[in-house]
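Peer 1: Everything below, folded, please.
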Amino acid sequence: MKITGIDSVVLRIPCPRPMSLEFADHRMVAAFISTDQGLEGFGYTLAFGGGGAEAMQVYLETRLKPLLIGEDPRLVERLWEKMFRADRGIRRVGLAAYAVSALDIALWDLAGKAAGQPCYRLWGGAADRVEAYGSGGWAKYRVEDVIEEARFYTGQGCRYYKMKIHDPDPRVNRQRVEAVKKALGDGVRMMVDVNQKLDVLSTIKQAQMLEDLDLVWYEEPVLADDYAGLAEVARSIKIPVATGENHYTRFEFRELCERRAARYLMPDVGRANGFSETLRIGHLAAAHGLQVSPHVVHEISLQVAGALSNAFLVEYMNWAPADLFVELPKCENGWFRVPDRPGHGMALTPDAVKKYRV
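Peer 2: I've put the predicted structure just below:
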């Protein structure tokens, strides 16, 4: 089997309410790999708020695509190494990592289809269903909007909900979290997300104001680049730290593991150089006794979570319109069943590209 063509496209995906209060839309960078045997692979990454999507596509088309034409798509490990090592002057983080991710996900989709198996079974298969947490609660939401969104997720059985704490006044953040927790009741546990907006001292103070609320984790407490700061926060607060959505390689996650800078690691399959590197990160986490909770795009993150015995939760964010994918996994009693269709199991609807193309 040989790769005969690769097409890519940037799609503008409008955000539903209440997410639209924070983001008008996201951008999907989608890649389609065709072969001489008629099989096709589909991969994608998601740029929140649209930032950098066009640059990701340019890198994919000009630097990565030529490396794959004529190759056997089933040799995913070899092709991943070829892409990852191609440009020594451009590290595979940021925009370049998004581009590698889209193609790696498409390659694994092809490999699964060639084998007639879902990806998680190809990778060993730890579980065929995964629990989820509802996610959102952005800064521009009123407290009433946060509660409404949280109830959307708990209405589907989710026992966990995560909200942002972005107000410059830590007392306001405390009030917002406390109000949502009270509205949801004792059956739902919460997480909070700083999104890198605080320095070390400020984030420790904020965490200390929340320690009595029985939070599952305290996410991205300082800049993702600040490993020493992350480790200091983890040592200084009682809430477990979670981070990883803005880390891109196993080498960055190794630093987090060795510094004991987080209890929960959160790689994003669309950022962390695809399924291939995310699986390595998951096994690395297991070697350090840490749990993995993949960041967003739950519909394909399920394949990774289903392959890892140390997967905890997938992040359920209701970002995709109903007419984007052929069949989105359904949340039932707070759990998602891992799609068992060959590959990763996701496909765009026939009209999606035409409707949403930038």
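Peer 1: tell me which element the residue nearest the centre of the chain is part of?
Peer 2: The centre of the chain sits closest to His295, judged by Cα atoms, centre = their mean, with a distance of 2.7 Å. For His295, there is no helix or strand it lies in under DSSP states H and E.
Peer 1: My guess is Val194 contacts Glu219. True?
Peer 2: Yes: using Cβ atoms under 8 Å, Val194 is in contact with Glu219, at 6.4 Å. Placement of C-beta: from N, CA and C, glycine included.
Peer 1: and those two? which has more neighbours close in?
Peer 2: Glu219 (27 against 21; other Cβ atoms under 10 Å).
Peer 1: residue boundaries of the strands in the stretch 101-250 of the chain?
Peer 2: 129-135, 160-164, 189-193, 218-219, 241-243 (DSSP state E, counting those that start in this stretch).
Peer 1: Would you list the phi and psi of the residue nearest to the centre of the chain?
Peer 2: Backbone geometry at His295, expressed as degrees, to the nearest 10, gives phi -90, psi 130.
Peer 1: again, but for Ile33
Peer 2: Dihedral angles for Ile33 - degrees, to the nearest 10 - are phi -100, psi 130.
Peer 1: What is the burial count for it?
Peer 2: 24.
Peer 1: How much space separates it from Ala111?
Peer 2: Going from Ile33 to Ala111 by Cβ to Cβ, to the nearest Å gives 11 Å.
Peer 1: Which neighbours do these two have in common?
Peer 2: Gly41, Pro73 (Cβ atoms under 8 Å, 6 or more residues apart in numbering).
Peer 1: Please name the nearest non-neighbouring residue to Glu332.
Peer 2: Gly157 (6.8 Å; Cβ to Cβ, 6 or more residues apart in numbering).
Peer 1: what number of residues lie near that neighbour?
Peer 2: 13.
Peer 1: Please tell me how far it sits from Tyr133.
Peer 2: Counting by Cβ to Cβ, the gap from Gly157 to Tyr133 is 11 Å.
Peer 1: try Arg74
Peer 2: 35 Å.
Peer 1: Please name the residues that touch Val304.
Peer 2: Per Cβ under 8 Å, 6+ apart, neighbours of Val304: Tyr120, Trp123, Val269, Phe275, Thr278, Leu279, Gly282, Val292, Pro294, Ala311.
Peer 1: Recalculate using a threshold of 6 Å.
Peer 2: Val269, Thr278, Pro294 (Cβ atoms under 6 Å, 6 or more residues apart in numbering).
Peer 1: element containing it?
Peer 2: helix 298-307.
Peer 1: That helix: what's the following helix or strand?
Peer 2: Next element after helix 298-307 (DSSP H and E): strand 314-316.
Peer 1: Note down every partner strand of that following strand and its orientation.
Peer 2: strand 129-135 (parallel) (DSSP bridges).
Peer 1: returning to what we had before: turn the strands of the stretch 101-250 of the chain into CSV, including distance to Gly38 and mean pLDDT.
Peer 2: Below are these laid out as CSV (distance: least, Cβ to Cβ, whole Å; pLDDT from 0 to 100):
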stretch, distance to Gly38, mean pLDDT
strand 129-135, 32, 98
strand 160-164, 42, 98
strand 189-193, 43, 98
strand 218-219, 43, 98
strand 241-243, 42, 98
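Peer 1: Mind putting those strands into a markdown table with distance to Glu255?
Peer 2: Below are these laid out as a markdown table (distance: least, Cβ to Cβ, whole Å):
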| stretch | distance to Glu255 |
| --- | --- |
| strand 129-135 | 25 |
| strand 160-164 | 24 |
| strand 189-193 | 21 |
| strand 218-219 | 18 |
| strand 241-243 | 11 |
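Peer 1: Single out the most deeply packed of those.
Peer 2: strand 218-219 (a mean of 28; mean count of other Cβ atoms under 10 Å).
Peer 1: Direction included, what does that strand pair against?
Peer 2: strand 189-193 (parallel), strand 241-243 (parallel).
Peer 1: Check which element follows the last one along the chain.
Peer 2: Downstream of strand 241-243, the first helix or strand assigned by DSSP H and E is helix 250-258.
Peer 1: Contacts for the helix or strand following that next one, please.
Peer 2: Next helix or strand after helix 250-258 toward the C-terminus (DSSP H and E): strand 264-265. By Cβ under 6 Å, 6+ apart, the surrounding residues in contact with strand 264-265 are Trp217, Ala242, Gly244, Ala285, Leu290, Gln291, Val292, Ser293.
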